[in-house]
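> starting from these lines, generate the structure:
(one chain, ligands or ions: 1)
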Amino acid sequence: MSRAHASLVIEPPKGVIYVDPVGDPAQYSDLPPADLALITHHHGDHLNNETLTALMGDNTTLISNKGAQDKMTADLATRAQVIGNAETTSFGDIGIEAIAAYNTTQDRLQFHPQGRDNGYVLNIGDTRVYLSGDTEDVPQMRALKNIDVALLCMNLPFTMGIQAAASAVADFKPAVVIPYHYRGRDGGSQDPKAFATMLDSAIKVKQGNWYGKGKGMI
Ligand SMILES: [Zn+2]
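So this is what the prediction gives:
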């Protein structure tokens with residue numbers, strides 16, 4: 001399900017879900033238009049109006065936080081359904097929960113202030129998938145229950161380092177963790193393999209090809 005950095009595609013039994021699609025729309029040319037597009041926040045590696053517009057079909061549902069809606073083109077903004085931290089909505093039989101995503105370290109607060117950006121939990125059948133968005137190891141993450149798959153960001157200074165990520169995982173115990181968003185434009189890359197060694201062996205880690213050539217699929 002990986003694509004690049006923070007962009008991913010989920011293919012539940014029915015339909016296609018795009019999360020934070022950015023970059024050349026040709027990356028997605030093997031897929032149909034989105035049934036559901038989810039945007040976590042407005043930063044350029046999560047929201048790109050051209051990419052998103054190219055992937056929107058006539059019937060695509062677009063769900064976003066308010067901050068990203070504010071940066072969308074008029075057409076996209078009109079179509080966006082805004083959901084805030086701790087709110088829930090649904091798409092067909094998929095339940096969607098918006099999870100607070102923010103920085104907590106003093107000199108990082110400006111990147112993702114509390115209350116603005118979203119992570120999401122998707123309830124697809126019996127499977128609960130957590131998409132962290134850009135966040136540190138906030139209490140709302142640590143309190144998550146029954147997560148089957150967690151897509152977890154890790155890079156500095158914008159989100160969190162691998163120690164904080166591993167500490168949070170020890171608390172909310174997802175069955176599977178997929179590190180993503182772990183390279184920074186200005187350095188600050190985190191090593192997802194080193195992260196994997198910090199976890200209890202009961203927790204499985206899957207590594208995606210987020211930064212390689214071609215479309216890395218998990
Ligand atoms: Zn961000």
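> and residue 201, how far from residue 177?
From residue 201 over to residue 177 the distance is 13 Å, taken as CB to CB, to the nearest Å. Placement of C-beta: from N, CA and C, glycine included.
> who's more crowded, the two?
Neighbour totals were compared for residue 201 and residue 177, and residue 177 leads with 27 against 6 (other CB atoms under 10 Å).
> show me what the more buried one is bridged to.
Counting by DSSP bridges, residue 177 forms beta bridges with residue 150, residue 205.
> mind pulling up the pLDDT for it?
Note on residue 177: pLDDT of 97.
> do residue 140 as well
Model confidence at residue 140, expressed as pLDDT, equals 98.
> for whichever strand or helix holds it, which outside residues touch it?
Under the criterion of DSSP states H and E, residue 140 resides in helix 139-142. Applying CB atoms under 8 Å, 6 or more residues apart in numbering, the external contacts of helix 139-142 come out as 85, 86, 99, 100, 119, 130, 132, 135, 168, 171, 172.
> which one of those is nearest the ion?
residue 135 (8.9 Å; CB to the ion).
> ok, the closest one touching residue 111?
No. Here residue 135 does not reach residue 111: they are 9.9 Å apart, not a contact under CB atoms under 8 Å.
> what sits in contact with each of those two?
Here residue 135 and residue 111 have 103, 159 as joint contacts, going by CB under 8 Å, 6+ apart.
> tell me which of the two has more neighbours.
Between residue 135 and residue 111, counting by other CB under 10 Å, residue 135 is the more crowded of the two (29 against 17).
> so which bits of whichever helix or strand residue 193 is part of are buried?
Residue 193 belongs to helix 192-197 when assigned by DSSP H and E. Residues of helix 192-197 classed as buried: 192, 195, 196 (neighbour count, 16 or more other CB atoms under 10 Å).
> export the top helix by length along the chain as CSV, just CAs?
Using DSSP state H to define each element, the chain has its longest helix at helix 162-172. Provided in CSV are the C-alpha atoms of helix 162-172 (Å, rounded to 0.1, in the frame of the first residue of the first chain):
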residue,chain,number,x,y,z
ILE,A,162,12.5,6.6,16.7
GLN,A,163,12.8,6.4,20.5
ALA,A,164,9.5,8.3,21.0
ALA,A,165,7.8,6.3,18.2
ALA,A,166,8.9,3.0,19.8
SER,A,167,7.8,4.2,23.2
ALA,A,168,4.3,5.1,21.9
VAL,A,169,4.1,1.7,20.2
ALA,A,170,4.9,0.0,23.5
ASP,A,171,1.8,1.7,24.8
PHE,A,172,-0.8,1.2,22.1
